[in-house]
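Enquirer: here's my sequence, what's the structure:
(one chain, ligands or ions: 2)
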Amino acid sequence: MRSYDAFLLISFGGPEKREDVIPFLENVTRGRGIPRERLAEVGEHYYLFDGVSPINQQCRDLIAALRDDFAANGVELPIYWGNRNWDPYLEDTVAEMARNGVRRAVALATSAYSNYSSHRQYLEDIERARAAVPEAPEIDLIRPFYDHPGFIDAFVDHTRQALERIPEELRPETRLLYSAHSLPIAMAKKSGDPRRDYGSLTAYEAQLLETARLITERLDRDYPYEIVYQSRSGPPSQPWLEPDINDRLEQLAKEGVRSVVVVPHGFVSDHMEVKYDLDVEARETAEKLGIRLERAAAPGTHPAFVAMVRDLVAERAEGRPPRGLGAIERSCHDDPADCCQRS
Ligand SMILES: CC1=C(CCC(=O)O)c2cc3nc(cc4[nH]c(cc5[nH]c(cc1n2)c(C)c5CCC(=O)O)c(CCC(=O)O)c4C)C(CCC(=O)O)=C3C
Ligand SMILES: [Fe+2]
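Expert: Numbering: from 1, shown residues only. Ligands and ions are numbered 1, 2, ... in the order given. The predicted structure follows:
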């Protein structure tokens with residue numbers, strides 16, 4: 001039994017006013033080889049929302065829900081929050097934790113899957129922040145949780161709600177498009193534990209497919225489903241995971257598909273990549289093609305998702321085996337030291 005004296009939420013971070021958009025994008029893309037045109041284009045996505053990314057408020061909402069849930073269940077951990085790319089920066093939060101005498105914290109990152117950006121980079125963020133802070137607490141990062149029942153149940157609920165918004169006569173023929181953030185293929189190939197065999201897929205793709213299966217199986221009908229990708233950046237010469245959701249919608253229209261429900265199962269909340277890339281861009285594509293599109297909400301503060309966080313904290317404290325509904329090998333659940341390298 002490991003005893004913790006604090007809980008730490010770690011997230012991506014986002015700007016909340018126009019002047020912060022460019023400095024934020026510079027933080028995200030430093031040393032990443034993202035073309036300038038792509039940056040200008042993504043900046044426009046943020047300006048469309050007056051420079052306010054939804055992600056910070058979503059973190060505040062999750063923290064408020066966790067406070068209530070922890071209090072109602074006798075979990076007496078103070079809650080801290082720090083980001084990779086914007087204020088409150090993780091390093092400042094770790095310094096505050098040290099000042100408050102925190103010695104050992106358990107942390108959850110707002111990313112459910114195994115890949116560099118979602119897993120290893122958060123481990124690096126923690127180590128960098130700790131190295132900069134004298135007497136920094138120990139920080140244990142909770143493992144990827146894509147097949148935890150709480151994550152799955154939140155999506156099942158939200159997918160049902162989205163299906164209900166599809167006119168009844170179209171519902172039986174509706175396709176489910178499970179959407180996740182694309183990655184450079186070189187990065188996807190490094191996802192997961194290098195010693196494990198994920199079949200013909202990379203670990204990230206195998207987990208995405210598994211999660212989609214687990215959600216679909218719990219719906220009232222056997223809907224056809226598939227994985228699509230969104231939010232590609234990087235130069236065109238660099239291969240990224242495909243198909244892009246917009247290209248796939250074009251093909252589906254040609255096949256006569258008239259309605260889709262998009263389930264953003266690669267994400268934890270409805271942040272900018274969901275609000276813009278799906279709700280603006282993919283919706284526009286679908287409208288042009290005459291496809292009825294409804295988007296399911298990401299977990300956000302769904303009670304099953306909030307309870308999942310408490311369960312993962314207990315799992316880590318008690319050293320319990322990971323709880324998951326999936327059948328693929330436990331990806332990074334036992335924290336291999338060399339999983340999810342960048343490329
Ligand atoms: C796998 C993954 C997730 C899902 C897991 C998770 O949720 O963590 C995710 C989430 C997010 N990505 C976000 C924003 C951005 N991601 C970028 C760029 C990149 N993302 C990548 C991967 C991922 N990203 C990658 C491989 C790049 C290329 C550069 C690099 O190798 O690092 C860029 C640069 C511009 C662009 O090229 O798009 C931005 C602005 C926001 C905040 C949104 C908001 O403000 O609400 C969130 C939650
Ligand atoms: Fe991203």
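Enquirer: so where's the stretch 1-150 of the chain uncertain?
Expert: By pLDDT under 70, the low-scoring segments of the stretch 1-150 of the chain are 1.
Enquirer: spell out which parts of it neighbour ligand 1.
Expert: Contacts of the stretch 1-150 of the chain with ligand 1, taken as CB under 6 Å from any ligand atom, map to 12, 14, 25, 28-29, 32, 34, 38, 42, 53-55, 110-111, 115, 117-118. Placement of C-beta: from N, CA and C, glycine included.
Enquirer: filter those down to just the buried residues.
Expert: 12, 14, 25, 28-29, 34, 38, 42, 53-55, 110-111, 115, 117-118 (16 or more other CB atoms under 10 Å).
Enquirer: among the residues you listed, which are located in helices?
Expert: Leu25, Val28, Thr29, Arg38, Val42, Ile55 (DSSP state H).
Enquirer: contacts only, for the fifth one.
Expert: If I follow you right, that is Val42. Leu25, Ser233 (CB atoms under 8 Å, 6 or more residues apart in numbering).
Enquirer: any idea how far it is from Arg36?
Expert: 11 Å (CB to CB, to the nearest Å).
Enquirer: so the closest residue in space to Gly266 that isn't next to it in sequence: helix, strand or coil?
Expert: Spatial nearest neighbour of Gly266, excluding adjacent residues (CB to CB, 6 or more residues apart in numbering): Ala180 at 2.6 Å. Using DSSP: H, G, I helix; E, B strand; the rest coil, the structure places Ala180 in strand.
Enquirer: Ala180: neighbour count?
Expert: Residues near Ala180, counting by other CB atoms under 10 Å, number 27.
Enquirer: name the SS class of Ala105, please.
Expert: strand.
Enquirer: need the CA coordinates for stretch 182-191. PDB is fine.
Expert: Taking Å, rounded to 0.1, in the frame of the first residue of the first chain, the C-alpha atoms of stretch 182-191 are listed here in PDB:
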ATOM      1  CA  SER A 182      -3.800  11.200 -35.800                       C
ATOM      2  CA  LEU A 183      -0.100  10.600 -35.200                       C
ATOM      3  CA  PRO A 184       3.000  10.400 -37.300                       C
ATOM      4  CA  ILE A 185       3.200   6.700 -38.300                       C
ATOM      5  CA  ALA A 186       6.800   6.600 -36.900                       C
ATOM      6  CA  MET A 187       5.400   7.800 -33.500                       C
ATOM      7  CA  ALA A 188       2.500   5.300 -33.600                       C
ATOM      8  CA  LYS A 189       4.900   2.500 -34.300                       C
ATOM      9  CA  LYS A 190       6.700   3.300 -31.000                       C
ATOM     10  CA  SER A 191       3.500   3.300 -29.000                       C
END
